[in-house]
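Chemist: Can you look at this prediction? I've put the sequence above it.
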Amino acid sequence: MSREMNSMQRFEAALNHQTPDYAPISLFGGIFETHFVPGMDVIKYGSSGLNMAKAHIAFHEAIGTDTIYCLSDMGIIAQGYGTRMQLPTAPDIWMGLGKFPIKSPADWENLDVLDPRIDGRMRLYLDACTIVRDKYGDTVPIGVSLMSPITSATHICPMEDVMVHMITEPAALKKGLVSLTGTVTAFVNECVANGASFIGYLTTRASKEITTIDQYREFGAPSDEEVFRKTPSAAHIPHICGVEPMFELVDEWRSKYNNVKAISWWSQGATPNLKDAKAKWPKLTLMSGIDHTNTLITGSPADVDKEIAQSCHEAMHGGGLILAPGCEVSPKTPWDNMRAAVKAARKHGKY
Ligand SMILES: [Zn+2]
């Protein structure tokens, strides 16, 4: 393919399993991005959509990835339900989740559907998307990293209690999940209306070291599928950064819902690895191939180049590869390694 595409065209081609000019590269900056704006910190970033957008734009201009990705702490939805936040314990750490509002199983039955325009800190994404979209128009895809209903449940109630309620109080938990599903659906649709091109759908509990597939099918998947059905204009990329993500489930969603496009996981640390995923799930677009826990932090630019060459070799044939880390990059990542990743994607990812 000779015609040069812009980042949006490149990303959309890969998402739809067609052949772009180059395999696109998406680097989830998160806290790392705050380093590109003088005076910015986690609190300022996490309390203003304008600050978030400033960090996204500065990072994008400096590193040149194919996506802009709104990524925040885990309180962005949960705070709207009353989860208290904790100050970061050190610089370059997200605000943490403090006290949870769900104290007993009966509390699940009293959850409301929230309005993303006014509740919690969901508004930040809407504002950030609008500002970034105004600047780049349709040339750069904007992603939002957004928690699924079951993931959100573990941000308003301790995860161990959610696991217990699956066994002891399934009806109450399911009632709470219906409300959370309403909130997540509304949030996704508002993000799309404000310019988001894809949803990094954090369904991180769909990993077999956390739930069994039967448990996930009973408690997680019904809400996920409801979200997919009610957000027809979104492009979902389920993100599962555990060690045994449920690929079979995501591939099932891809075949059932045409807005479920890809899977994002940690190909160097989880099962399957990139090569096996490409062989076993050939129709699913794969978003991975860069090790954010080792190569990106402690490797040299030459190591990053080598890893991306290998990932392209293993998974770009036939389309359907988006080069990306397995999760948010560390704030300690050397800038040169990030630049080397983008350079390597253009060098080795050419179709
Ligand atoms: Zn993750």
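Modeler: Yep, that arrived.
Chemist: Contacts only, for the residue in the stretch 251-351 of the chain positioned nearest to the ion.
Modeler: The nearest approach of the stretch 251-351 of the chain to the ion comes at residue 327, 3.3 Å away (CB to the ion). Every C-beta, even on glycine, is put in place using the N, C-alpha and C of the backbone. Listed by CB atoms under 8 Å, 6 or more residues apart in numbering, the contact set of residue 327 reads 28, 239, 241, 266, 292.
Chemist: can you rerun that using 7 Å?
Modeler: By CB atoms under 7 Å, 6 or more residues apart in numbering, the contact set of residue 327 is 28, 241, 266, 292.
Chemist: which of these tops the neighbour count?
Modeler: Taking other CB atoms under 10 Å as the neighbour criterion, residue 28 ranks highest of the contacts of residue 327 with 24 neighbours.
Chemist: Give me the three-state assignment for the residue found closest to that one once you drop the neighbours it is linked to in the chain.
Modeler: Spatial nearest neighbour of residue 28, excluding adjacent residues (CB to CB, 6 or more residues apart in numbering): residue 328 at 4.8 Å. On the three-state scheme (DSSP: H, G, I helix; E, B strand; the rest coil), residue 328 is labelled coil.
Chemist: Could you give the number of residues near residue 328?
Modeler: Counted by other CB under 10 Å, the residues lying close to residue 328 total 19.
Chemist: Quick check: pLDDT value at the residue of the stretch 251-351 of the chain closest to the ion.
Modeler: Residue 327 carries a pLDDT value of 96.
Chemist: Residue 1 now?
Modeler: Note on residue 1: pLDDT of 49.
Chemist: how about the strands in this structure?
Modeler: Listed in chain order, the strands found in the chain under DSSP state E are 68-70, 85-86, 96-97, 142-147, 198-202, 236-239, 262-264, 285-290, 321-325.
Chemist: What parts of the stretch 251-351 of the chain come near the ion?
Modeler: Counting by CB under 5 Å from the ion, the stretch 251-351 of the chain comes close to the ion at residue 327.
Chemist: Show me where the stretch 251-351 of the chain has its helices.
Modeler: Taking DSSP state H, counting those that start in this stretch as the test, the helices found in the stretch 251-351 of the chain are 274-280, 295-298, 301-315, 335-348.
Chemist: now the stretch 1-150 of the chain
Modeler: With DSSP H, counting those that start in this stretch, the ranges of helices along the stretch 1-150 of the chain come out as 7-15, 31-34, 42-45, 49-63, 75-78, 123-136, 149-156.
Chemist: Which one of those helices lies nearest to the ion?
Modeler: Nearest of these (CB to the ion): helix 149-156, 10.2 Å.
Chemist: which parts of the stretch 51-200 of the chain sit against the ion?
Modeler: Residues of the stretch 51-200 of the chain that fall close to the ion, judged by CB under 5 Å from the ion: none.
Chemist: Sketch out the low-pLDDT regions of the stretch 51-200 of the chain for me.
Modeler: For the stretch 51-200 of the chain, no stretch is flagged by pLDDT under 70.
Chemist: got the buried residues for stretch 131-151?
Modeler: 131-133, 136, 140-151 (16 or more other CB atoms under 10 Å).
Chemist: For those residues, which two are the farthest from each other?
Modeler: 136 and 150 (32.9 Å; CB to CB).
Chemist: I'd like the helices of the stretch 251-351 of the chain laid out as a markdown table, including distance to residue 286.
Modeler: Converted to a markdown table, the helices of the stretch 251-351 of the chain look like this (distance: least, CB to CB, whole Å):
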| stretch | distance to residue 286 |
| --- | --- |
| helix 274-280 | 6 |
| helix 295-298 | 18 |
| helix 301-315 | 6 |
| helix 335-348 | 14 |
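Chemist: list the buried ones in stretch 217-234?
Modeler: Burial within stretch 217-234, assessed by neighbour count using 16+ other CB under 10 Å, is assigned to 219, 220, 221, 222, 223, 224, 225, 226, 227, 228, 231, 234.
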